[in-house]
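Asker: build me a structure from this.
(chains A, B, C and D)
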There are 2 protein chains.
Amino acid sequence: MSIEQSRKLTIYDLARLAKSSPSTVSAVLNGTWQRRRISRKLAQRILDLAEREGYSTNMQARALRRDRSGILGMILPLYDNRYFSSIAQVFEAEARRRGAFTIVSCTNRDPAQEREAARMMLAYRVEHLICTGATNPDVIAEMCGGAGIASLNLDLPGTAAPSVISANREGARRLTDALLDRLEEKQTDGERVLFIGGRAEDHNTRERIEGFRQAREGRGLTTEATDIVPCDYAAEKAQAALEAYVGREGRLPAAMFVNSTISLEGIVRWLRLGDHDMNDIIMGCFDWDPLAAAFHPRLIMMRQDVPTMIARLFDWIDTPPEDPTIRLEVMPEIIGDPTAT
Amino acid sequence: MSIEQSRKLTIYDLARLAKSSPSTVSAVLNGTWQRRRISRKLAQRILDLAEREGYSTNMQARALRRDRSGILGMILPLYDNRYFSSIAQVFEAEARRRGAFTIVSCTNRDPAQEREAARMMLAYRVEHLICTGATNPDVIAEMCGGAGIASLNLDLPGTAAPSVISANREGARRLTDALLDRLEEKQTDGERVLFIGGRAEDHNTRERIEGFRQAREGRGLTTEATDIVPCDYAAEKAQAALEAYVGREGRLPAAMFVNSTISLEGIVRWLRLGDHDMNDIIMGCFDWDPLAAAFHPRLIMMRQDVPTMIARLFDWIDTPPEDPTIRLEVMPEIIGDPTAT
DNA sequence: TATGAATGCGCAATCGGTTGTGCAACTATT
DNA sequence: AATAGTTGCACAACCGATTGCGCATTCATA
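Answerer: From the prediction side, this is the model:
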């Protein structure tokens, strides 16, 4: 261990201590010493010294000189559900594996916060910016373009940068199919099936609604507009929306397609408050939460395939696609459906 | 909007465009122009120019020169529960409010990852490092000390840096009291009450066990060692531990103190698998999850007061405490206990 | 014993801001 | 009209790393 330094140790200090030069020390410490024909002996001496003195490279200086920060940036709506928190964790783990550093910023689905976060990330010269679930990814992509930084969209697609998203329509179709299978088992035909949660403006919600419609159509069922309730991402809104729905219809839906765990929270709360039995109603949720699964094993959930999505993202970080508007869909996995293998 | 530049715009470019000098441009852009007696007219001209050309300060260069990065670092075990994700979000929001940037790194309760993350944070010259739930905070504090960086502990305390933690013992006492009240209501005296989850080595778990013991002692109850099962933070381990416990004892405990939502997940799963009625067993959980609350309204939960904890943390960031070993406890709130106001 | 090549390392410029200092040009004072 | 103070700005030296280039040795070859 070194003596506590008030001033951080630099390559100049090490050069002095090693009776060498800053350029040599630099080459040794960043691994380019062989190419610069530094003798192994001197290199070892400097490495030992650096270790003993607790030297740590000043990344700001390195970034400035190299014109590469070594930082990957990500903006994210929130951390507080399993989908987004897992995105953040997997992203960070993979970046770390490659020796990159990550900066993640939560922007609360707020366009102004998204822009501000992107501005800061660009100021810190991130090498790539991943926009996850951005309300308007194209604005961010344009900011990045102006700064010469590559951006990528995740979860919600854009038209100005490559996008990795879930196969929302197909996923929703499968989830709806599972719900309808259950409904048929119960032999309660003609009952209402409610789609609830998400935002009508957002691409994923629209796609999932379309998948929902198509699955019903496949069984000769038509879907009423009143059965589609994209009441935004908030437990209270889902709770209120369900209350209103049941008030209008005079009875519970037989099955529900719940679009996100945050909506699920409101739905479950409302059912509990009204003392309804959770098992009387067939529920599917587009998103996965293991605690919800534990509490309600008959709940069918679509688990989005985060590891694969992040892997594809890094493929594009390594080799940017020629087509900047390319969109890749990753299939989510159905959980809790006994008819699925 | 500016023409797309291949090379980023610098203050030198702006100086040329404005027919001024780099030092003047710098002063204007970082707000010190009044102190440097730059005329308002020139300042405005430069600001307009910067805006029009889409200039963005290179934070690496600024950090290098100022010897201040403007970055606050935080290490965190995980994002995937409401407690830690809320810590990350509130921390980031507060830092942003103060114009600071944050870097958060998940280290999976792994000492090696914690050290590595701290090393990187120090290389990026964070101005403060917050160690949240670190397995060995003192190691990190020492690394920071050697680098002349202030560190602070959150959630789990250390002895080498100031710590903000929850009032674990008192919180556990209250939670246990609530459980025992319920038990008495049911008039099923003499039944077993199980403490399950957490790590025997970790300070919080030990304190909570102590609070659990004290609350029972307060009612003249002694606590068997076999009723204390700190089986680590993992759903599967809690599930297995409960299975083993019930196997040994021959019956379910009448009440359970579940130490974390991750343990709760395993507990609930096991109960479901065994087809036990959740309402036959009185449950308390030290940590809060709104989805769990929705599914199980009779579940009593201690919600740790994250906003207050973060506020205290920033108080210390602003004015470091004289005593570096100071420890502050923040009272968590009990949720779902009808006897509490 | 020259000559050319390879080895081993240091010099100095550079990345893009920041900031102490100095120096004109003006204004106010006597 | 001479002096002192103020206003408005530019110069140049940093911050700590990186890297093109060059120079002195040593080694191999003729």
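Asker: ranges for the strands of the stretch 1-150 of chain A?
Answerer: A:71-76, A:101-106, A:128-132, A:150-154 (DSSP state E, counting those that start in this stretch).
Asker: with only the CA atoms kept, save the helix or strand following the last one in CSV.
Answerer: Just to be clear, that refers to strand A:150-154. Once strand A:150-154 ends, the next helix or strand along the chain (criterion: DSSP states H and E) is strand A:163-166. Extracted in CSV, the C-alpha atoms of strand A:163-166 (Å, rounded to 0.1, in the frame of the first residue of the first chain):
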residue,chain,number,x,y,z
SER,A,163,-33.8,-0.9,-33.1
VAL,A,164,-34.0,-4.1,-31.1
ILE,A,165,-37.4,-4.8,-29.8
SER,A,166,-39.6,-7.6,-28.7
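Asker: check the offset of strand A:163-166 from the chain's centre.
Answerer: 10 Å (Cα atoms, centre = their mean, to the nearest Å).
Asker: so what's the closest residue to residue A:167 other than its chain neighbours up against?
Answerer: Here the nearest residue to residue A:167 in space, its sequence neighbours aside, is residue A:329; by Cβ to Cβ, 6 or more residues apart in numbering or on different chains that works out to 4.1 Å. Yep, even glycine has a C-beta here, placed from its N, CA and C like the rest. By Cβ atoms under 8 Å, 6 or more residues apart in numbering or on different chains, the contact list for residue A:329 reads A:165, A:166, A:167, A:168, A:170.
Asker: out of these, who has the most neighbours?
Answerer: Within the contacts of residue A:329, residue A:166 tops the neighbour count with 28 neighbours, counted by other Cβ atoms under 10 Å in any protein chain shown.
Asker: in contact with that residue, which residues?
Answerer: A:155, A:204, A:304, A:305, A:309, A:329, A:330, A:331, A:332.
Asker: that one pairs with what?
Answerer: residue A:330 (DSSP bridges).
Asker: how much space between it and residue A:282?
Answerer: 22 Å (Cβ to Cβ, to the nearest Å).
Asker: can you tell me how far residue A:138 is from chain B?
Answerer: From residue A:138 across to chain B, the span is 14 Å (Cβ to the nearest Cβ, to the nearest Å).
Asker: that residue touches residue A:163, doesn't it?
Answerer: No - using Cβ atoms under 8 Å, residue A:138 makes no contact with residue A:163, being 10.6 Å away.
Asker: out of the contacts of residue A:329, flag the one nearest to residue A:252.
Answerer: residue A:168 (26.2 Å; Cβ to Cβ).
Asker: number of nearby residues for the residue in chain A that DNA strand D sits nearest to?
Answerer: Using Cβ to the nearest atom of the strand, residue A:23 is the residue of chain A that sits closest to DNA strand D, at 2.7 Å. Counted with other Cβ under 10 Å, the neighbours of residue A:23 add up to 12.
Asker: let me know the pLDDT of it.
Answerer: Residue A:23 is assigned a pLDDT of 97 by the prediction.
Asker: so who does it touch?
Answerer: Taking Cβ under 8 Å, 6+ apart, one finds nothing in contact with residue A:23.
Asker: circling back to that earlier point, make TSV out of the contacts of residue A:329 and add pLDDT and distance to DNA strand C.
Answerer: Converted to TSV, the contacts of residue A:329 look like this (pLDDT from 0 to 100; distance: Cβ to the nearest atom of the strand, whole Å):
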residue	pLDDT	distance to DNA strand C
A:165	98	35
A:166	98	39
A:167	98	42
A:168	98	41
A:170	98	46
